[in-house]
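> next one to model:
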Amino acid sequence: GYVAATGLSILSYALVTRHLGVARFGDYQTLLSIVTVVATVTDAGMATLAVREYATLQGEERDRLMRHLLGARLALTGGGVAVAALVEAGLVAATAVAGVGVGFNVVQSMVAVPLLANLRLGIATALDVGRQAVLVALLVLVVLAGGGIVPLLAATVPAGAVALAATVIILRGEALFPPAFHPGEWRRLLALTLPVALALSSGTLYVYL
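Got it, this is the predicted structure:
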């Protein structure tokens with residue numbers, strides 16, 4: 001799955017690079033880097049915590065924790081995208097569109113937690129590769145249509161939506177947790193995930209900055 005997704009990424013990058021040219025590709029890659037940093041930093045280790053806790057907790061306690069985790073991730077991601085839009089003031093629309101794509105990925109990753117917790121890794125991998133395949137197909141269409149940076153970034157939205165819909169169908173409502181927005185609970189969760197968050201963030205910041 002990793003090899004397949006990487007191969008698809010190489011194909012899309014070759015097409016997008018030639019299509020945009022040096023200057024516009026620089027803008028495109030800068031936005032992607034900022035959004036990737038936002039997604040990793042605002043994850044704050046919560047995806048890892050979600051898998052561990054889903055595998056060990058039961059019933060209402062588990063459902064409540066998952067609702068708080070999803071709410072915290074959505075709130076942090078939304079705040080991070082807003083900050084990114086301020087950083088890239090000249091490309092606010094493109095940043096916002098990319099942020100919507102990140103939002104779909106956040107929700108999908110939380111909905112897919114039961115797959116990882118129950119070691120259904122084949123299905124989880126197929127969903128990731130499928131999302132990448134949809135994304136690359138859309139990027140090819142945008143390139144053929146002569147689209148710019150915003151349509152290219154917008155391709156992440158339907159790709160994420162398809163992956164989310166497929167995950168929900170596969171799990172048949174097993175993990176549909178409505179988000180809970182309680183900042184006091186979020187502080188407790190962040191205290192638990194801080195070591196993992198620092199480790200993940202440092203690696204991503206090193207590469208993308």
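
> find the nearest non-adjacent residue to Leu65, please.
If the residues on either side of it in the chain are set aside, Leu65 comes closest to Glu53, at 5.4 Å by CB to CB, 6 or more residues apart in numbering. (Glycine included, C-beta is placed from N, CA and C.)

> per-residue confidence at Glu174?
With respect to pLDDT, Glu174 scores 68.

> how close does Thr17 get to Glu60?
Separation of Thr17 from Glu60 (CB to CB, to the nearest Å): 50 Å.

> more neighbours: which of these two?
Ranked by neighbour count (other CB atoms under 10 Å), Thr17 and Glu60 place Thr17 first, with 14 against 8.

> quick check: chain neighbours aside, which residue is closest to Val38?
Using CB to CB, 6+ apart, the closest residue to Val38 is Gly80 (3.8 Å).

> Asp43 is in contact with the one you found, correct?
No. At 9.8 Å, Gly80 does not count as touching Asp43 under the criterion of CB atoms under 8 Å.

> now Ala112: phi and psi?
phi -80, psi 0 (degrees, to the nearest 10).

> check contacts around it.
Ala124, Leu127, Thr167, Leu171, Ala175 (CB atoms under 8 Å, 6 or more residues apart in numbering).

> local confidence estimate at the second one?
The predicted local distance difference test score for Leu127 is 94.

> and it, which helix or strand is it part of?
helix 121-144 (DSSP states H and E).

> list the helices and strands that helix packs on?
helix 2-43, helix 113-117, helix 149-154, helix 156-171 (3 or more CB pairs under 8 Å, 6 or more residues apart in numbering; DSSP states H and E).

> may I see the buried residues of the helix or strand just after the last one?
If you walk from helix 156-171 toward the C-terminus, the next helix or strand you reach (DSSP H and E) is helix 183-208. Of all the residues in helix 183-208, those buried under the rule 16 or more other CB atoms under 10 Å are Glu185, Trp186, Leu189, Leu190, Thr193, Val196, Ala197, Leu200, Ser201, Thr204.

> could you measure from the residue lying closest to Ala199 once chain neighbours are set aside over to Gly26?
The shortest distance from Ala199 to any non-neighbouring residue, by CB to CB, 6+ apart, is to Gly45 (8.0 Å). According to CB to CB, Gly45 and Gly26 sit 31 Å apart.

> who has more neighbours out of those two?
Shown here are Gly45 and Gly26; by other CB under 10 Å, Gly45 has more neighbours (19 against 11).

> considering the contacts of Ala112, which possesses the most neighbours?
Thr167 (23 neighbours).

> ok, that one - contacts?
Applying CB under 8 Å, 6+ apart, the residues near Thr167 are Gln108, Val111, Ala112, Leu115, Leu127.

> just how off-centre is stretch 132-152 within its chain?
18 Å (CA atoms, centre = their mean, to the nearest Å).

> how far away is the residue nearest to Ala199 from Leu192?
Relative to Leu192, and taking CB to CB, Gly45 is found at 8 Å.

> just Asn105 next, same as before
22 Å.

> what of Ala117?
Applying CB to CB to Ala117 and Leu192 gives a distance of 17 Å.

> and Leu57, by the same measure?
Taken as CB to CB, the span from Leu57 to Leu192 is 13 Å.

> just Val97 next, same as before
Where Leu192 is concerned, Val97 sits at a distance of 32 Å (CB to CB).
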